[in-house]
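Undergrad: take this sequence and fold it.
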Amino acid sequence: MKTTPLHEEHVISGARMMPFAGWDMPIQYTSVIEEHMAVREHCGAFDVSHMGDLLIRGAGARNLMERLMTNDVASAPVGRCVYSHILDEQGRIIDDTIVMTIAEDEFLVVPNAATTERVSGWIRKHIDGRELLDISDFVATIAVQGPSAAAVLERITSADLSRVRFFWGAFVMLDGVDWSRKPSGDLLKGRAYLGGEVRGVPALLSRTGYTGEDGFEIACENEAASTLWRALLDRGAEHGLRRAGLGARDTLRLEKGFLLSGTDFDGTQTPFQTGPTWVTKFNHDFIGREALEMQKGVGEYTVLVGMIMNGRGVPRHGYDVVSGSNVVGRVTSGTMSPVLRKGIALGYVPREYAQPGTNLQIRVRNDLVDAEVVSTPFIRREKK
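TA: Numbering: from 1, shown residues only. Just a heads-up that it's a prediction; the model follows:
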């Protein structure tokens with residue numbers, strides 16, 4: 001299995017390590033629930049270095065993004081991050097990804113760990129003279145998520161983080177971390193940094209997040225990862241920052257109704273089935289568009305819905321969704337929500353069962369447990 005640059009840090013910390021998409025990753029340090037609630041209430045630090053990092057650049061790179069992405073990536077200004085799907089010719093989702101415009105005609109595509117090679121091959125098939133660099137093995141990424149995320153980041157940089165708005169990013173010098181080496185890789189070398197050219201860890205900062213909380217993703221060179229990780233844990237302790245594993249990351253994203261690649265879509269579904277509706281913009285020509293228009297005309301397909309349990313039981317991947325005496329669908333993701341203290345699930349059902357308020361049942365082992373179709377997210381951030 002592959003290991004991230006922070007692997008030794010996890011082992012020393014006593015993390016429970018498990019295989020994930022070919023990587024040996026920390027699933028939890030203490031308990032999933034404790035780490036989950038720490039992120040909801042304060043802050044958590046995740047190692048997400050297993051995610052892919054693909055740099056696309058060259059004349060006409062915007063045109064390529066327009067062709068590859070369902071969302072309107074091509075018109076995004078420098079610094080903007082966009083969530084998008086990548087489709088095959090049949091309109092089926094190859095992967096969902098965050099794309100950041102880091103310069104004119106230069107984009108960073110972040111695919112999921114298990115699909116990085118496939119996405120890279122798909123882009124290369126359509127590259128047509130542009131440059132594609134797979135820098136996944138040279139870049140480490142730490143996600144700092146939670147209400148206190150900005151306060152934690154302010155402890156390691158003097159840069160004005162208010163300039164990094166939600167779903168935007170920037171090159172930032174983390175001058176509060178003792179590091180004096182110059183950036184050498186394709187992603188970080190020669191950039192203009194917020195905070196100036198001073199000592200510290202050069203990083204690409206984005207403000208997106210997979211937990212539904214405020215948060216930042218910090219991409220740095222592998223050699224700086226351990227130093228940055230330790231500095232975050234040390235400086236962030238007063239703001240409630242704690243290590244969090246992929247177990248909590250999964251329950252956090254599910255409470256927000258976010259998709260998990262390979263679980264909530266497996267290469268056979270289209271964006272019309274998975275949603276969200278805004279991820280597909282028909283104001284440009286993209287691969288798979290014609291197939292989607294045909295599917296929309298037919299209208300007969302299953303859709304992904306949120307379901308909340310009205311009885312005792314925890315829904316899991318693969319469980320039957322039942323209406324009357326008929327199996328009408330399958331659960332793709334399910335858990336016991338630490339915030340709601342109820343079972344929640346995503347699953348595919350025919351469109352006639354997808355209306356919020358529809359009563360269904362989920363087969364938990366040998367029992368049929370009442371469930372109700374609801375709009376996602378299952379929980380919403382309180383407005384302050």
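
Undergrad: what's the mean pLDDT across stretch 176-192?
TA: Confidence over stretch 176-192 (mean pLDDT, whole number) is 92.

Undergrad: any idea how far the closest residue to residue 283 other than its chain neighbours is from residue 135?
TA: In this structure, residue 283 finds its nearest non-sequential neighbour in residue 72, 6.5 Å apart by Cβ to Cβ, 6 or more residues apart in numbering. For the C-beta atoms, the positions are set from N, CA and C on the backbone; glycine is no exception. Separation of residue 72 from residue 135 (Cβ to Cβ, to the nearest Å): 25 Å.

Undergrad: same question for residue 270.
TA: To residue 135, residue 270 is 30 Å away according to Cβ to Cβ.

Undergrad: please apply the same query to residue 272.
TA: Counting by Cβ to Cβ, the gap from residue 272 to residue 135 is 33 Å.

Undergrad: quick one: contacts for residue 241?
TA: With contact set as Cβ atoms under 8 Å, 6 or more residues apart in numbering, residue 241 has these partners: 42-45, 144, 146, 148, 152, 232-233.

Undergrad: right, I mislabeled it, should have said residue 78
TA: 101-104.

Undergrad: the bottom helix or strand of this structure by mean pLDDT?
TA: Here the helix or strand of the chain ranked lowest by mean pLDDT, DSSP states H and E is helix 289-298, holding a mean of 94.

Undergrad: list the contacts of that one.
TA: Outside helix 289-298, the residues touching it (Cβ under 8 Å, 6+ apart) are 87, 89-92, 270-272, 280, 282, 301.

Undergrad: can I get the buried part of these as one PyMOL selection?
TA: To isolate the buried subset of these in PyMOL, counting by 16 or more other Cβ atoms under 10 Å, use the following:
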select buried, resi 87+91+92+270+271+272+280
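
Undergrad: and of the contacts of helix 289-298, the nearest to residue 379?
TA: Nearest to residue 379 among the contacts of helix 289-298 is residue 271, at 23.9 Å by Cβ to Cβ.

Undergrad: I'd guessed the closest one sits against residue 280; true?
TA: Yes - between residue 271 and residue 280 a contact is recorded at 4.6 Å, counting by Cβ atoms under 8 Å.

Undergrad: which residues do those two both contact?
TA: 70, 85, 292.

Undergrad: that's a strand at the second one, yeah?
TA: Yes - under DSSP: H, G, I helix; E, B strand; the rest coil, residue 85 sits within a strand.

Undergrad: pLDDT score for it?
TA: Taking residue 85 on its own, its pLDDT is 98.

Undergrad: ditto for the one 5 residues further on
TA: Residue 90 carries a pLDDT value of 98.

Undergrad: surely it meets residue 287?
TA: No - using Cβ under 8 Å as the test, residue 90 is too far from residue 287 to be in contact (9.8 Å).

Undergrad: give the buried residues for stretch 208-225.
TA: By 16+ other Cβ under 10 Å, the buried positions in stretch 208-225 come out as 208-221, 224-225.

Undergrad: again, but for stretch 262-278
TA: 264-265, 269-274.

Undergrad: same thing with stretch 117-124?
TA: 118-120, 122-123.

Undergrad: and for stretch 128-145?
TA: 130, 132-136, 138-145.

Undergrad: out of these, which comes closest to residue 319?
TA: residue 145 (28.4 Å).

Undergrad: closest one of the buried residues of stretch 208-225 to residue 182?
TA: Using Cβ to Cβ, residue 221 comes nearest to residue 182 of these, at 10.1 Å.

Undergrad: which residues does the closest one contact?
TA: Contacts of residue 221 by Cβ under 8 Å, 6+ apart are 138-140, 183-185, 188, 202.

Undergrad: so residue 278: helix, strand or coil?
TA: What three-state DSSP gives for residue 278 is helix.

Undergrad: nearest residue to it other than its sequence neighbours?
TA: With sequence-adjacent residues excluded and distances taken as Cβ to Cβ, 6+ apart, residue 278 is closest to residue 71, at 7.8 Å.

Undergrad: and the strands in the stretch 251-384 of the chain, which stretches?
TA: Along the stretch 251-384 of the chain, the segments classed as strands by DSSP state E, counting those that start in this stretch run 302-309, 320-323, 326-336, 343-350, 359-364, 367-374.

Undergrad: deepest in the core, which of these is it.
TA: Highest mean neighbour count of the strands of the stretch 251-384 of the chain: strand 343-350, a mean of 23 (counted as mean count of other Cβ atoms under 10 Å).

Undergrad: beta partners for residue 326?
TA: Counting by DSSP bridges, residue 326 is bridged to residue 323.

Undergrad: so residue 375 is in contact with residue 358, correct?
TA: No - with contacts counted by Cβ under 8 Å, residue 375 stays clear of residue 358, the gap being 11.5 Å.

Undergrad: so which of these two has more stuff around it?
TA: Here residue 375 and residue 358 are compared on neighbour count by other Cβ atoms under 10 Å; more neighbours surround residue 358, at 16 against 10.

Undergrad: the more buried one reaches residue 371, doesn't it?
TA: No - using Cβ under 8 Å, residue 358 is not in contact with residue 371; the gap is 9.3 Å.

Undergrad: can you tell me the element residue 236 falls in?
TA: Assessed by DSSP states H and E, residue 236 sits inside helix 225-236.

Undergrad: low-confidence regions, the protein specifically.
TA: Applying pLDDT under 70 to the chain flags the ranges 382-384.

Undergrad: what's the domain layout of it?
TA: Following automatic domain parsing, the chain resolves into domains at 7-52+138-254, 54-134, 257-374.

Undergrad: now distance to residue 380 too, for those domains, in CSV please.
TA: Shown next, in CSV, are these (distance: least, Cβ to Cβ, whole Å):
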stretch, distance to residue 380
domain 7-52+138-254, 8
domain 54-134, 18
domain 257-374, 10
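
Undergrad: what's the closest of those to residue 381?
TA: The minimum distance between residue 381 and the domains of the chain falls on domain 7-52+138-254, with 6.5 Å, by Cβ to Cβ.
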